[in-house]
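S.K.: Here's a sequence, model it:
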Amino acid sequence: MKLCYNYTCEVTPKSSRKGCDRVILSAEFFWRLFEKTGSIAAYILYRRMVLQ
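M.R.: Residues are numbered from 1 along each chain as shown. Sure thing, here's the model as predicted:
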């Protein structure tokens, strides 16, 4: 199974998603990932999503 995701939650054209299961990642997901792992990348993605 091929996963396609877009952390900015923008809708991508249907043709570019062909053969993919779409996963939408929320700011809460990245916050929990940061809490559990201490990942700076997860925190930066969380901040980008919250400030949009």
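
S.K.: count of neighbours near Thr37?
M.R.: The number of residues packed near Thr37 is 11, by other C-beta atoms under 10 Å. In this view, the C-beta of every residue, glycine as well, is placed from N, C-alpha and C.

S.K.: my bad, should have said Phe30
M.R.: 22.

S.K.: repeat for Phe34
M.R.: Neighbours around Phe34, by other C-beta under 10 Å: 18.

S.K.: pretty sure Tyr43 belongs to a helix, no?
M.R.: Yes. The assignment for Tyr43 (DSSP: H, G, I helix; E, B strand; the rest coil) places it in a helix.

S.K.: quick one, what contacts it?
M.R.: Phe30, Phe34 (C-beta atoms under 8 Å, 6 or more residues apart in numbering).

S.K.: and the gap between it and Val50?
M.R.: 10 Å (C-beta to C-beta, to the nearest Å).

S.K.: swap in Lys36?
M.R.: 18 Å.

S.K.: do the same with Phe34
M.R.: Per C-beta to C-beta, Phe34 is found 12 Å from Val50.

S.K.: repeat for Ala42
M.R.: 13 Å.

S.K.: Excluding chain neighbours, give the residue nearest to Ser26 in space.
M.R.: Excluding its sequence neighbours, the residue lying closest to Ser26 (C-beta to C-beta, 6 or more residues apart in numbering) is Met49, at 7.4 Å.
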